[in-house]
Structures are given as C-alpha cells and as structure tokens.
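Trainee: With the input below, show me the fold.
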Amino acid sequence: MSPALYNIIIAICSVVYVFAVVAVMDFLVRKGFPKDISRKVVHIAAGSWLVFWLLFDQTHWTKYLNVLPAFIWTVLLIVKGLTASPDDDAVKTMTRTGDRNELLRGPLYFTIVMNIMGTFYFNTALAATAMGFLGWGDGLAPVFGQKFGKHKYKIVTEKSIEGSLAFIVFGTLAAMLFNYIIIGYVDVSLILLCAAATTFAEAVSPRDLDNFLIPLACNFVFYFFA
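Mentor: Next up is the predicted model:
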C-alpha cells in the first residue's frame, strides 16, 4: 500500500472517530444525559484525536491529512452556527443554551486550534502538551468546578479553586501521557511550567477565549524555556 493511500485511510478513521463521539453524545443527550457534560466529553475526545498521529506515515506529505476531522468540523460549525435549527445534533450536543451562535465561539475556536496544531506542530511536544491542557484540563475543570466548586474567585469570569486544581491535575497528566505516547519522552519540568502558565491563562480568560489562550500560554513557555 502506498504511503498516500495509507494516510488517507488513517485520516478517514480519525474522522469516523470524531463523528462517532458526537453521534453517541447526541444519542445520550436525547436520553437525558446532561448537555453540559456532553459538551465536555466531545471537547476531550476531539482534543485526543492527536493519538492518531502515531499511525500516520510521516515520510509522505499526506500526514497533514490528520487535520481532516478538524477541518470538516470547522466548516460544519460555521454553517451550523449560521443556519442550524434548535434540534440540530451539534446544537444540542455542543452548546450550553441551545443557541446555535455558540457554535461560532468556543467549539469553532477549538477546531481552529486543532487545525493549527496538526499543520504547524504535527508530532511535536508543544502540540502534545497544549492539547493535553486544552482537551483534558480545560475539559474537566468546569465539570469539577460545578460539582465540587465551593471556593469561588473572579478575575474576568467566575471560576473555582476546585476547578482550577482539576485543570492542573488532569491537564498535567494528559500532557505527560500525550508526550510519552507521541514523542516518547516527557520533560516534566517543562510541562509543570506549562501547567502554571495555562492555569493562569484559563483563570484570566474571558469565556470561550481560553481555547486560544491556553495553547498560546504553552507556546510562550516552549519559546522561552524549551
């Protein structure tokens, strides 16, 4: 099998994976599963798409097809954010309030970051670290904050100490795991610096813009300390 065909097959598998997660969560939401948690499951699962990088043949340019699920969802989110009805699967699964315009903010920003990581930072420690904090840290922080968040603080938007601690713990663990899987090496000190920087970025971020500020914070740390 040629490298190009092989990479196309892997890219299609990654698309199937992302769409399957959205379909499963839509089914569960219709059965009564909480919408807020469904959003975060999609967030975490989509951010974990980079594990497919392990399967791509890196000798051929078609490795950049790894961004295919992100690119497709970028287009879909723009279209759905402008035209979708309230009962659209994406609206029900990926929005807080059922307002389709929400798709043009946080979810769209997330797919843009996926496109950037898969194109410019493919198979790098920066991408593995950033997606660990963005996918798992930022994905689980509000879940823990809502359930256990008794100690609130507000810089720009209201956060909780418990949510921020969840961000640090799960983001750090995911970043280390992604680095080990993709790079084969874990720079613990660098990841801990990213944990501090991204936690600060998440704490001071306006709603939805954390999807940009968290990877930017990682980029800052890697630029000055890697």
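Trainee: Quick check: what element follows the longest helix anywhere in the chain along the chain?
Mentor: As assigned by DSSP state H, the longest helix anywhere in the chain is helix 3-30. Once helix 3-30 ends, the next helix or strand along the chain (criterion: DSSP states H and E) is helix 35-47.
Trainee: Can you point out the buried residues in that next one?
Mentor: By 16 or more other CB atoms under 10 Å, the buried positions in helix 35-47 come out as Lys35, Ile37, Ser38, Arg39, Lys40, Val41, Val42, His43, Ile44, Ala45, Ala46, Gly47. To be clear about C-beta, it is placed using only N, CA and C from the backbone, and glycine gets the same treatment.
Trainee: Now do that helix: everything it contacts.
Mentor: 17-18, 21-22, 25-26, 28-29, 69-70, 73, 92-96, 110-111, 114, 131, 134-136, 138-140, 142-143, 146 (CB atoms under 8 Å, 6 or more residues apart in numbering).
Trainee: Go again with 6 Å.
Mentor: The contact list for helix 35-47 (CB atoms under 6 Å, 6 or more residues apart in numbering) reads 18, 21-22, 25, 29, 93-94, 131, 134-136, 139, 143.
Trainee: Equivalent analysis for stretch 183-192, please.
Mentor: Ala125, Thr129, Ala175, Met176, Asn179, Tyr180.
Trainee: just the buried members of those residues?
Mentor: Looks like the contacts of stretch 183-192 have Ala125, Thr129, Ala175, Met176, Asn179 buried, using 16+ other CB under 10 Å.
Trainee: Domain map for this protein?
Mentor: As given by automatic domain parsing, the domain ranges for the chain are 1-120, 124-226.
Trainee: Ends of the first one, what's the gap?
Mentor: Pointing back at domain 1-120 there. The first and last residues of domain 1-120 sit 27 Å apart, counting by CA to CA, to the nearest Å.
Trainee: and that domain, average pLDDT?
Mentor: The predicted model assigns domain 1-120 a mean pLDDT of 90.
Trainee: Please tell me how far that domain is from the chain's geometric centre.
Mentor: 9 Å (CA atoms, centre = their mean, to the nearest Å).
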